[in-house]
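> What follows is a predicted protein model with its sequence.
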There are 2 protein chains.
Amino acid sequence: MVPQTPETESTRSINFLASAMPAEETLSELADLFHVLGDLTRIRILCALSISELRVSEIAELLSMSSSAISHQLRVLRQARLVRLTRKGRSSIYALDDDHVRTIFDQGFRHVRHSAPWGKDNSHA
Amino acid sequence: MVPQTPETESTRSINFLASAMPAEETLSELADLFHVLGDLTRIRILCALSISELRVSEIAELLSMSSSAISHQLRVLRQARLVRLTRKGRSSIYALDDDHVRTIFDQGFRHVRHSAPWGKDNSHA
DNA sequence: ATGATATATGAATATGTGAGCATATGTGCA
DNA sequence: TGCACATATGCTCACATATTCATATATCAT
């Protein structure tokens, strides 16, 4: 039996690549993580929390946004395990979940710095 | 002249925080970077390119998607300076723009691994 | 208990976006 | 030149999502 589509050089490479790719679920979780980080409001929240623990109302004031909007976004950050919450009286104190959230941040900063200003050359146009 | 809103302890903290925050434009660029990374298709493309340089058609075959869809996403990745393109005959060869794209990736992986499986405890519910 | 304060959540809406289709551009070959 | 191949790009639509508004829940003070 001859296969209907002959195995070209390229096809062999593709098959090798496919086997070298991480599990789809891992990639999906990675995309989800970055997706959560890919919003200015959430970045601002995380940045603030990287300096100090804060209550919802404090974040709201700092960012000049409604407590409701902040609370919604904190929920997203919580579900992504990027922030952690401890109750204190009527307030909820939010903090970065752990230090490598900061590390991911730093890497991002480094990239932004490294490739800024935009338009350094035109090989990306 | 007495200010209409008295400067509370909290307000002072907020003012300090505000001054400690990076420039809004920097945060915006950071959010943009993560936003580009926050898509499964683009993650799969970057992951493939982290293994080997590839042509558009090869990526399309690997991911079982149309060349058009891949080309669209490669444009986004190009504009974010995450991939670089060199022409070779009729083809376009794509590659990761530089190594710290890989580093950002690795940090992401580390986070995903570290906090997986989901539901380890319920402090994030 | 009652009211005041802090946060959380549900619904509605406006904005953004990924993929498909059609088409354009560009390259190699007869 | 004319054709085939590889990639790029408008356009459109279905779907996702960030904020607002209204409301619910929880805690403290009187």
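Done, it's in.
> what about the strands in chain A?
A:54-55, A:83-88, A:91-96 (DSSP state E).
> okay if I get those strands as a markdown table plus distance to chain B?
(Glycine included, C-beta is placed from N, CA and C.) Below are the strands of chain A laid out as a markdown table (distance: least, Cβ to the nearest Cβ, whole Å):
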| stretch | distance to chain B |
| --- | --- |
| strand A:54-55 | 8 |
| strand A:83-88 | 6 |
| strand A:91-96 | 11 |
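> Would you mind giving those as JSON lines with distance to A:A18, mean pLDDT and mean neighbour count added?
Compiled in JSON lines, these are given as follows (distance: least, Cβ to Cβ, whole Å; pLDDT from 0 to 100; neighbours: other Cβ atoms under 10 Å in any protein chain shown):
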{"stretch": "strand A:54-55", "distance to A:A18": "45", "mean pLDDT": "97", "mean neighbour count": "22"}
{"stretch": "strand A:83-88", "distance to A:A18": "36", "mean pLDDT": "96", "mean neighbour count": "14"}
{"stretch": "strand A:91-96", "distance to A:A18": "37", "mean pLDDT": "97", "mean neighbour count": "17"}
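> Using a markdown table, please lay out those strands together with distance to A:I14.
As requested, those are exported to a markdown table (distance: least, Cβ to Cβ, whole Å):
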| stretch | distance to A:I14 |
| --- | --- |
| strand A:54-55 | 49 |
| strand A:83-88 | 40 |
| strand A:91-96 | 40 |
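> Mind checking these for the one nearest to DNA strand D?
Closest approach to DNA strand D among these (Cβ to the nearest atom of the strand): strand A:83-88, 6.7 Å.
> Against B:A48, how distant is A:F16?
11 Å (Cβ to Cβ, to the nearest Å).
> got the phi/psi numbers for A:A80?
Per-residue torsions, A:A80: phi -90, psi 0 (degrees, to the nearest 10).
> That one: what's it in contact with?
A:D32, A:L33, A:V36 (Cβ atoms under 8 Å, 6 or more residues apart in numbering or on different chains).
> A:F16 and B:A48 - which one has more neighbours?
B:A48 (22 against 11; other Cβ atoms under 10 Å in any protein chain shown).
> For that one, give me its contacts.
Applying Cβ under 8 Å, 6+ apart, the residues near B:A48 are A:L17, A:M21, B:L54, B:I59, B:L62, B:L63.
> Any chance of those in a markdown table with distance to A:S92 as columns?
As requested, these are exported to a markdown table (distance: Cβ to Cβ, whole Å):
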| residue | distance to A:S92 |
| --- | --- |
| A:L17 | 46 |
| A:M21 | 40 |
| B:L54 | 47 |
| B:I59 | 44 |
| B:L62 | 45 |
| B:L63 | 41 |
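> Just the buried residues of these.
Buried subset of those (neighbour count, 16 or more other Cβ atoms under 10 Å in any protein chain shown): A:L17, A:M21, B:L54, B:I59, B:L62, B:L63.
> Would you mind giving me the confidence score for the first one?
This points to A:L17. You'll see A:L17 listed with a pLDDT of 93.
> Check the fourth one too.
pLDDT recorded at B:I59 is 97.
> what angle sits between the lengthiest helix in chain A and helix B:99-114?
Longest helix in chain A by number of residues (criterion: DSSP state H): helix A:99-114. For helix A:99-114 against helix B:99-114, the angle by axes from the mean of the first three to the mean of the last three Cα atoms, to 10 degrees is 160 degrees.
> Just list what helix A:99-114 packs against, helices and strands only.
Here helix A:99-114 touches helix A:40-51, helix B:24-37, helix B:99-114, going by 3 or more Cβ pairs under 8 Å, 6 or more residues apart in numbering or on different chains; DSSP states H and E.
> So for the second one, mean pLDDT?
For helix B:24-37, mean pLDDT rounds to 96.
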